[in-house]
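Asker: structure for the following, please:
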Amino acid sequence: MSDLSNQLKIPAFNQLTIKGEDAEKFLQGQLTCDVTKLGLSYQAAAIGNLKGRIEFGIWIKKQAEKHYDVVISADCAESLAAHLKKYGAFSKFETSTPVDIYPCVLDDEPTFSHQETHNTVENVSAWMQCSIATGNYWIVAATQGEFQPQELRLHQRGGMDYDKGCYLGQEVIARIYFKSAPKAFLHYVKGIGNAPAAGEKLGKVQVVNAIPCVDGFIALVVARPEQLVENELTTLDLPPILQADVARPK
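Answerer: Numbering: from 1, shown residues only. Sure thing, here's the model as predicted:
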């Protein structure tokens with residue numbers, strides 16, 4: 001793995017703490033998930049834009065009453081802090097300065113840790129491999145505003161709630177869910193050649209995340225199934241929960 005590690009573009013992540021009297025109410029009007037159901041484990045979620053696309057891909061947990069920890073790609077942390085300041089100007093909560101947090105794999109699940117011992121290339125590499133294999137995509141600055149949550153199967157991971165009420169982009173997201181369905185959606189694939197960059201397009205296939213492997217690359221991509229064949233990409237199996245149709249069950 002050492003040669004491949006040299007080819008990796010190592011991601012960095014920050015954690016922001018949001019706490020205060022209005023923290024839950026404010027976040028409930030921002031996030032795709034139901035904030036009232038959060039616990040001590042990180043939940044993948046998103047903050048959308050008015051076009052119903054993911055502006056900030058995050059992981060969030062409820063650390064204590066009126067206290068939430070949010071993890072985001074480090075290159076998006078500053079814009080997230082500005083977003084929270086703008087939309088939360090009249091709400092009673094405080095947002096901490098972003099601090100480093102390290103991706104790692106614990107109990108075969110991709111997660112995050114503040115322990116310095118997890119701040120190694122080996123740990124990050126393991127997290128990236130596990131994340132791609134399990135559909136745990138990460139949004140970076142290059143892919144902000146690129147993907148609709150349902151395209152990334154966020155609803156199948158508990159990161160969306162269609163009954164909780166309004167939030168940013170909710171009208172567009174709900175319309176897609178209840179009246180149509182994405183024609184292109186998340187796949188786990190293997191390809192040949194160098195690993196493409198996040199957001200890069202391979203024909204009509206758009207890359208979410210990709211890393212090199214011994215004879216090419218593995219990636220999470222958004223595409224129609226037939227477009228994968230056209231690009232000579234081999235489809236690999238996502239976890240069973242992410243193999244279901246992305247459309248709303250009839």
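Asker: mind checking how far stretch 52-59 is from the chain centre?
Answerer: The chain centre lies 7 Å from the centre of stretch 52-59; the measure is CA atoms, centre = their mean, to the nearest Å.
Asker: mean confidence score for it?
Answerer: Averaging the model's pLDDT scores along stretch 52-59 yields 98.
Asker: output that stretch as CSV - backbone C-alpha positions only.
Answerer: Listed next in CSV are the C-alpha coordinates belonging to stretch 52-59 (Å, rounded to 0.1, in the frame of the first residue of the first chain):
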residue,chain,number,x,y,z
GLY,A,52,-32.0,21.3,-3.7
ARG,A,53,-28.3,20.4,-4.1
ILE,A,54,-25.8,19.6,-1.3
GLU,A,55,-23.9,22.7,-0.4
PHE,A,56,-22.4,21.2,2.7
GLY,A,57,-21.9,17.4,3.2
ILE,A,58,-21.5,16.8,7.0
TRP,A,59,-21.6,14.3,9.8
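Asker: separation between the residue located most distally from the centre of the chain and D163?
Answerer: No residue in the chain has its C-alpha farther from the mean C-alpha position than F90, which lies at 27.8 Å (CA atoms, centre = their mean). Summarising the geometry, the distance separating F90 from D163, computed by CB to CB, to the nearest Å, is 26 Å. (C-beta placed from N, C-alpha, C; glycine too.)
Asker: so what's E116 closest to, chain neighbours aside?
Answerer: In space, and not counting its chain neighbours, E116 is closest to Y102: 7.9 Å by CB to CB, 6 or more residues apart in numbering.
Asker: helix/strand/coil for the one you found?
Answerer: Three-state call for Y102 (DSSP: H, G, I helix; E, B strand; the rest coil): strand.
Asker: I'd like the next helix or strand past the worst-scoring helix or strand of the chain on mean pLDDT.
Answerer: Comparing every helix and strand of the chain by mean pLDDT, DSSP states H and E singles out helix 2-7 as the least confident one, with a mean of 53. If you walk from helix 2-7 toward the C-terminus, the next helix or strand you reach (DSSP states H and E) is strand 13-19.
Asker: tell me how far the next helix or strand after that following strand lies from the chain's centre.
Answerer: Sequence order places helix 23-28 as the next helix or strand after strand 13-19, per DSSP H and E. Its chain's C-alpha centre lies 20 Å from the corresponding centre of helix 23-28 when counted by CA atoms, centre = their mean.
Asker: and for stretch 218-236?
Answerer: 19 Å.
Asker: hmm, who's touching it?
Answerer: 129, 132-133, 135, 137, 147, 151-152, 183-192, 195-196, 202-211 (CB atoms under 8 Å, 6 or more residues apart in numbering).
Asker: and the helices in the chain?
Answerer: For the chain, helices defined by DSSP state H occupy the ranges 2-7, 23-28, 74-87, 121-134, 170-179, 225-230.
Asker: highest mean neighbour count out of those?
Answerer: Scoring these by mean neighbour count under mean count of other CB atoms under 10 Å gives helix 23-28 as the most buried, with a mean of 20.
Asker: related to what we said a few turns ago, with distance to I241 added, can I get the helices of the chain in CSV?
Answerer: Written out in CSV, the entries for the helices of the chain read as follows (distance: least, CB to CB, whole Å):
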stretch, distance to I241
helix 2-7, 28
helix 23-28, 25
helix 74-87, 26
helix 121-134, 10
helix 170-179, 17
helix 225-230, 18
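Asker: which strands or helices does the top strand by length along the chain pack on?
Answerer: Ranked by residue count under DSSP state E, the longest strand found in the chain is strand 54-64. If contacts are counted by 3 or more CB pairs under 8 Å, 6 or more residues apart in numbering; DSSP states H and E, strand 54-64 sits against strand 43-48, strand 67-73, helix 74-87.
Asker: among these, which is nearest H118?
Answerer: strand 67-73 (13.3 Å; CB to CB).
Asker: which residues of the chain score low on pLDDT?
Answerer: Scanning the chain for pLDDT under 70 picks out 1-8, 250.
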